[in-house]
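Q: sequence and computational prediction follow.
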Amino acid sequence: VKSLTPLEARRAYPVDLHGVVTTSAPASYMLTMQDETAAIYLGVDNRLPFPPYGFRIRVEGKSSPGETASSVAVSKLTVEGRGPLPPPADLKRFKLNDVRLDNLRVHLDGVVRWVSLDPSGAYRMVVAAPQFRTTVIAKSGTVAEAALFPPGTAVSLEGTYSPLSDRFRHWQDFRIFTPSLRGVRIRPPAPGAAVEAQTANLPLRSLFTYGTESSPTVPIHIRGVVTLRAPEGSVYLSDGEGGVQVVPVRGIQAARPGTLLAVTGFLPTDPALRRIEDATWSVIGPSSTPEAPIIQAESALDGSYESRWVRVQGQLIHRQQALDFNILVLQSPSAMVTVFSTAEPGATWMSLRMGTVLSVTGIVLPMRERTGMAGSRTVRLLAGSGQDIQVIQMASWWTPEHLTVTLVAASALLLALFLLASFLVRRLQ
């Protein structure tokens, strides 16, 4: 069945399979079975009960193309009794997008980043390994069991590999389904965990410095003042000398600018991303926002100021109101600055004229294409409130456009007066 192409699977060939249930999660519509040759997803309608995990079953139905690989649309399901689970495949021996992993029972070693209760009643555990990060979905668990896995806990587990793809069936990511948190085992810390003591309260400027000893599986502890809160929920921290974007776990209490935080998080598995992920924080208290240094826009082109709280000046050459952001484009001596503002446009915004010199305080955003960084001459800046945009010198009203309009209006008025005078002279004559 798994060897069928999507076009062949659509022909609804009759299927009769025997195997062991490796995933049974009705809330997630996840039912899989595995035999000696492969594993497969089973599409079951609401009339058929989900068989229990670890039981041997017989499945009758028709082939279906599935979302990522061929599957079975089940018409009849028979439970034959408890059967031995197939041995798990070691995830480290495969490429993550290997089609052979589809719905296969696998073994995973990693480090817990966070655990939370899903609205469906299942527990979600984010686990990171040196090369990847994935979500483990445990069908059952308790608050006490979840508390056994604080961030940084090294774990081993078995579960079913479930790929995630786009509408073109291109692999994007994967999840692991496991029956219960009770099956997740705590293992001795990996050798790299000894680095954790060196990552306490790191200066923000050193987080991504060449030679910094850390990894995506080691918790990092930092402190900083919130300078800006992004619309999607992440925050930017500054300690006066460096800055970093912090992406929190779901459900954490929001932090406002001017709040001093103690943060525990992880470096990304993708080295191209310069941020702290899966972070939790505690509020130390209110604090003054560090002074934003004035920089030349071109000095931020090499990425050295990414995520830092800075001030840039330039001449306004474009203004646009968009759905998510209000956009200003500034011209500095040797670089362009695109400013994205989340604030509602006020009277000052509406009165801005082209050519006005502005001072904008905000966060330097990463370049869109890091591979094209050397050739790009545009810096992107995220500003929070209207107070972050200040007018240094308002442009004169006498712009070329206004001068043209005035000359046209004056010419029209003079012509009208001339015609009126000519009309009156003729009547007097």
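A: Received it, and whenever you're ready, just let me know what you need. For clarity, every value in this text was computed on a predicted model and none was experimentally measured.

Q: mind telling me what element residue 412 is part of?
A: Element membership for residue 412, per DSSP states H and E: helix 400-428.

Q: for the stretch 51-200 of the chain, which spans come out with low pLDDT?
A: Low-confidence regions of the stretch 51-200 of the chain, defined by pLDDT under 70, span residues 189-200.

Q: quick one: the helices in it?
A: Ranges of helices in the stretch 51-200 of the chain, per DSSP state H, counting those that start in this stretch, are 143-146.

Q: ranges for the strands of it?
A: Assignment of strands within the stretch 51-200 of the chain using DSSP state E, counting those that start in this stretch yields the ranges 55-64, 71-82, 89-90, 105-117, 123-128, 133-140, 154-165, 171-180, 185-186.

Q: may I see these organised as TSV, with mean neighbour count added?
A: Heads up, the C-betas are built off the backbone N, CA and C, glycines and all. What follows is the strands of the stretch 51-200 of the chain, written out as TSV (neighbours: other CB atoms under 10 Å):
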stretch	mean neighbour count
strand 55-64	19
strand 71-82	16
strand 89-90	14
strand 105-117	21
strand 123-128	22
strand 133-140	20
strand 154-165	20
strand 171-180	19
strand 185-186	12
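
Q: avg pLDDT for stretch 420-429?
A: Mean pLDDT, stretch 420-429: 79.

Q: what's next to it, contact-wise?
A: For stretch 420-429, there are no external contacting residues (CB atoms under 8 Å, 6 or more residues apart in numbering).

Q: go through that stretch and flag the buried ones.
A: Within stretch 420-429, no residue counts as buried by 16 or more other CB atoms under 10 Å.

Q: shaky segments in the stretch 201-350 of the chain?
A: Looking at the stretch 201-350 of the chain by pLDDT under 70, you get 210-214, 345-348.

Q: strands along that one, start to end?
A: Assigned by DSSP E, counting those that start in this stretch, the strands in the stretch 201-350 of the chain fall at 220-229, 235-238, 243-248, 259-266, 275-286, 309-321, 326-331, 336-341.

Q: mind putting the ones you listed into CSV with distance to residue 179?
A: As requested, these are exported to CSV (distance: least, CB to CB, whole Å):
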stretch, distance to residue 179
strand 220-229, 32
strand 235-238, 36
strand 243-248, 29
strand 259-266, 26
strand 275-286, 24
strand 309-321, 47
strand 326-331, 49
strand 336-341, 45
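
Q: can you give me how far the helix holding residue 412 is from the chain middle?
A: Using CA atoms, centre = their mean, to the nearest Å, the distance from the centre of helix 400-428 to the centre of the chain it belongs to is 61 Å.

Q: same check on stretch 237-245?
A: 20 Å.

Q: give me the buried positions along it.
A: Of all the residues in stretch 237-245, those buried under the rule 16+ other CB under 10 Å are 237-239, 242-245.

Q: ok, residue 55 - contacts?
A: Contacts of residue 55 were listed using CB under 8 Å, 6+ apart, and they are 20-21, 79-83.

Q: for those, which one is nearest residue 48?
A: The shortest gap between residue 48 and any of the contacts of residue 55 belongs to residue 79, at 11.1 Å (CB to CB).

Q: quick one, phi psi at the closest residue to that closest one other than its chain neighbours?
A: Closest residue in space to residue 79, ignoring its immediate chain neighbours: residue 51 at 5.1 Å, by CB to CB, 6 or more residues apart in numbering. Comment: the main-chain dihedrals of residue 51 come out as phi -70, psi 160, following degrees, to the nearest 10.

Q: cool, residue 169 as well?
A: With angles defined as degrees, to the nearest 10, residue 169 shows backbone torsions of phi 70, psi 30.

Q: show me what contacts it?
A: Residue 169 makes contacts with 6, 67-68, as judged by CB under 8 Å, 6+ apart.

Q: drop anything exposed from those.
A: Using 16+ other CB under 10 Å as the burial test, the contacts of residue 169 include residue 68 as buried.

Q: ok, of the contacts of residue 169, which one's closest to residue 221?
A: For residue 221, the nearest member of those is residue 68. The distance, counting by CB to CB, is 38.5 Å.

Q: who's in contact with residue 101?
A: Contacts for residue 101 were tallied using CB under 8 Å, 6+ apart; they are 89, 91, 94, 161, 163, 174.

Q: who's in contact with the residue nearest in space to the middle of the chain?
A: Nearest to the mean C-alpha position of the chain, by CA atoms, centre = their mean, lies residue 247 at 8.0 Å. Contacts were defined as CB under 8 Å, 6+ apart; by that measure residue 247 touches 233-234, 265, 275-279.

Q: same check, this time on residue 226
A: For residue 226, counting by CB under 8 Å, 6+ apart, the contacting residues are 235-237, 255-261.

Q: same check on residue 340?
A: 325-327, 365, 380-383.
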